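K.L.:
quick one, structure for this:
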Amino acid sequence: MKVKKTFPKILWLIISSSIFFIILYFALFYYTKKAEKQVYRDSVEQFNNEIYKLLSLESKPIFVAINNDTNWDEFVDFIATKDKVWFDETIGNELEIYDADYLGAYGADKKFIIRTPTPSIKTLDFIPKQSMDLLNKEGIKKFYLKIPEGIVEITGAAIHPSDDPLKNKTNTSGYFFVVRLIDQAFIKNLEHITNSEIQLVEANFKPSDEKNKIASVFQLKDSQDKVIGELLFQRNFEVYFENTTNLLYIIIIAFFVSLLVNLIYTRTLVYYPLDLVRRVLETGNKKAIKLLKESNGEFSYIGNLFEENNNQKLELITAKIKAEESDRLKSSFLANLSHEIRTPMNAINGFTDLILNTDINETEKLEYLNVIEKSGKNLVSIIDDLIEMSKIDSNQIAPNYTLVNLESCVNELYETIKVTIQNKDIEFILIKSSLPAEFNIVTDDIKLKQVIINLLTNAIKFTDVGMVTFGYEIDEKNQLIHFTVRDTGLGIDAEEHKNIFDRFKRVDSDVSIKVGGLGLGLAISKAYVELLGGSISLESKVGEGSTFYFSIPLKYAKMENISVRPINNLEVSKSEDKLILIAEDDNINFLLFQKMMQNKNYQIIRAINGQEAVEICLNNPNIDLVLMDIKMPIMTGFEAIERIQPMRPTLPIIAQTAYSSSEDKAKIEEAGFTDYITKPLNRERLFDLLTTYLEEKSKDEE
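P.N.:
Next comes the predicted model:
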């Protein structure tokens, strides 16, 4: 499937909108520049008109005054008389009226007569004859002339009698000229009138283009219309477009910068994260997920979601693999279980059939019965492990903390197990602690013993020749008790260390197959140690042996010194004329009790349920001991002992039960039973219990 990429579409959207903006921008720019030029032209034209009008207005008083003076009859007479006194007193006093620097009179013959100057003009006669010819035609004329003092403005008029105001009826009597020097004072006055800056420049001067100013050039022409200089008028351009233009430049630069930034950030914030999302969805790339998490905004959140989803998928895959492995292991375990159960059952059924249906001698019969007994014990052991593991899996086991004399506990285990390995060439050693427990500890006595027994049983099982040791050390600093069980047996391959405590895995070897079992002992031990708040570990090398370490919390009880109790080896003795009540609802089990005790001089009576057992005990004070089944109809063994004990507190009541877990044993002890025996019945254990408690009762009676 061809993937249609999003980024080109986003890019096209940005570019198309940018093109539209650029078109609008340049249209605005074009019309702004056009308006600027038009306004500038209009402003220049208006400025020119304003300058010419102002200059005309400024010259008009001179024209009026000179026209009045040159149409004066006395002025005509002066030309003829050349009366200097009259001129000085009348015309010469008008310098201020004309605001002029020079007043001069010429005769009709164009010869100089008189002048009245200011100090700024020293030249005597500088009026050109051509200008006088022009005055004959026009009457009054203004023109400019360059003299040594500079450029001057000259306003001249022909002198005529008063009856010739238009100066066209009579002949010219003479000429009168008003001269103003174009100096700084003149220019300042013009600047004030025109509200502009003025420069006197050479002819054909080209002013520099300044967009923020408008200019007007006034040409200074002589009487022959020749330009001898120019006045440059400049004024600030009020309608100033440069800021607008600069703003437009800034806008377009900002636009392109923004466009570039948008393209970069669109790729960074949109396209790149979308590409990462695509890669994650296609391949589940972990690097892409990490990069997506490092991005900003919603994509970072999406990255977290992908990571969570990926983790969940991995967890599901791991769980699936574990489930498949668990199913495989369980199938293997069940196959092994079937094999382990069928093996003793095959022996029990097979040898029972041989005893019943074949003609065998007493020696063979005894051999077969021993095989049946051993197979039965193996079968019970397998069933006990299965029940215990089932309770562990269903979290039905809780520690039952009691006060434990640790030294006595360890010594008792040592003496008990030592008896069972007399037929093996093994040196069994209890390593004394360098710092024995001085006080009772608080722990679960039954579970602690079971862990040690399981580890020692394994060590003995896989050690044919050599040494098995165990012991403990007190770690006051870390508040722990460290136990060690070491053997010099076969050892365990390093690859199997991680599986050694797994309930569904067993180290398969010729020896493990030979000794049999489900391999649940270590799994149960690990569960018990962890239940007590501790940990367990292993060190082992093939051919050198194994060492199991486990630690439990050190919790002292009352700070009282303790002594180690001696281990009593009980001997079976024969008791006679004792009345025993067997509370048992199952006929076969009752028959088994009878057959086991038929060679003993015990009187036996039976109760088929708990209620009947209570009635017999209360109504028959001669009963010396009760074997009480726990699970019975009408009233259980627990309910029965509650009724019996208040009335006969010294009567030994021994529980007989098919339940064998540590919790069941603890429950039996809490209920007040004197002791217990588990099914299937062990004849030696039964006789030990009978001897012990019947003798104690006899001593109490004595």
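
K.L.:
what about Lys167, how many neighbours?
P.N.:
Burial measure for Lys167: 21 neighbouring residues, criterion other C-beta atoms under 10 Å. The C-beta positions use only the backbone N, C-alpha and C, and glycine is treated the same way.

K.L.:
that one reaches Gly139, doesn't it?
P.N.:
Yes - if you go by C-beta atoms under 8 Å, Lys167 and Gly139 touch, sitting 3.7 Å apart.

K.L.:
overlap in contacts of those two?
P.N.:
Here Lys167 and Gly139 have Ala157, Ala158, His160 as joint contacts, going by C-beta atoms under 8 Å, 6 or more residues apart in numbering.

K.L.:
three-state assignment of Ser300?
P.N.:
Three-state call for Ser300 (DSSP: H, G, I helix; E, B strand; the rest coil): helix.

K.L.:
look up how far Lys221 lies from the closest residue in space to it that isn't next to it in sequence.
P.N.:
Nearest residue to Ser300, sequence neighbours excluded (C-beta to C-beta, 6 or more residues apart in numbering): Lys293, at 5.7 Å. Between Lys293 and Lys221 the distance is 86 Å, computed by C-beta to C-beta, to the nearest Å.

K.L.:
next, count neighbours for the spatially closest residue to Asp445 that is not a sequence neighbour.
P.N.:
What sits nearest to Asp445 in space, not counting adjacent residues and going by C-beta to C-beta, 6+ apart, is Val404, at 4.7 Å. For Val404, the count of nearby residues is 19 (other C-beta under 10 Å).

K.L.:
so Val404 makes contact with Phe439?
P.N.:
No - counting by C-beta under 8 Å, Val404 stays clear of Phe439, with 10.5 Å between them.

K.L.:
pLDDT-wise, which helix or strand of the protein ranks last?
P.N.:
Within the chain, no helix or strand scores below helix 510-515, which has a mean of 47 by mean pLDDT, DSSP states H and E.

K.L.:
so what secondary structure elements neighbour whichever helix or strand comes after it?
P.N.:
The first helix or strand that comes after helix 510-515 along the chain, using DSSP states H and E, is helix 521-531. Secondary-structure packing of helix 521-531 (3 or more C-beta pairs under 8 Å, 6 or more residues apart in numbering; DSSP states H and E): helix 362-393, helix 445-461, strand 535-541, strand 545-553.

K.L.:
can you say which of those is nearest to Gly297?
P.N.:
Distance to Gly297, taken as C-beta to C-beta, is lowest for strand 535-541 among the helices and strands packed on helix 521-531, at 46.7 Å.

K.L.:
the closest one: which residues count as buried?
P.N.:
Ile536, Leu538, Ser540 (16 or more other C-beta atoms under 10 Å).

K.L.:
out of those, which is nearest to Glu612?
P.N.:
Nearest member of the buried residues of strand 535-541 to Glu612, counting by C-beta to C-beta, is Ile536, at 47.6 Å.

K.L.:
do you know the pLDDT at the most far-flung residue of the chain relative to its centre?
P.N.:
Within the chain, Thr81 marks the point farthest from the mean C-alpha position, 117.3 Å out by C-alpha atoms, centre = their mean. The model reports Thr81 with a pLDDT of 91.

K.L.:
what do you get for Gln130?
P.N.:
You'll see Gln130 listed with a pLDDT of 89.

K.L.:
cool, Pro646 as well?
P.N.:
Here the pLDDT value assigned to Pro646 is 90.

K.L.:
quick one, helices of the stretch 151-300 of the chain?
P.N.:
Here the stretch 151-300 of the chain has its helices, by DSSP state H, counting those that start in this stretch, at 184-194, 242-266, 272-283, 286-294, 298-357.

K.L.:
got TSV for these, with distance to Leu145 too?
P.N.:
Formatted as TSV, the helices of the stretch 151-300 of the chain follow (distance: least, C-beta to C-beta, whole Å):
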stretch	distance to Leu145
helix 184-194	14
helix 242-266	41
helix 272-283	82
helix 286-294	87
helix 298-357	86
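
K.L.:
so can I have TSV of these showing mean neighbour count, mean pLDDT and distance to Leu11?
P.N.:
Shown next, in TSV, are the helices of the stretch 151-300 of the chain (neighbours: other C-beta atoms under 10 Å; pLDDT from 0 to 100; distance: least, C-beta to C-beta, whole Å):
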stretch	mean neighbour count	mean pLDDT	distance to Leu11
helix 184-194	14	88	59
helix 242-266	12	81	7
helix 272-283	16	74	13
helix 286-294	17	77	21
helix 298-357	13	74	19
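
K.L.:
right, so of those helices, which gets closest to Leu690?
P.N.:
The closest of these to Leu690 is helix 298-357. By C-beta to C-beta, the value is 26.4 Å.

K.L.:
give me the neighbour count for Gly521.
P.N.:
As a burial measure, Gly521 scores 20 neighbours (other C-beta under 10 Å).

K.L.:
surely it meets Ala459?
P.N.:
No - Gly521 is not in contact with Ala459 according to C-beta under 8 Å; the separation is 10.9 Å.
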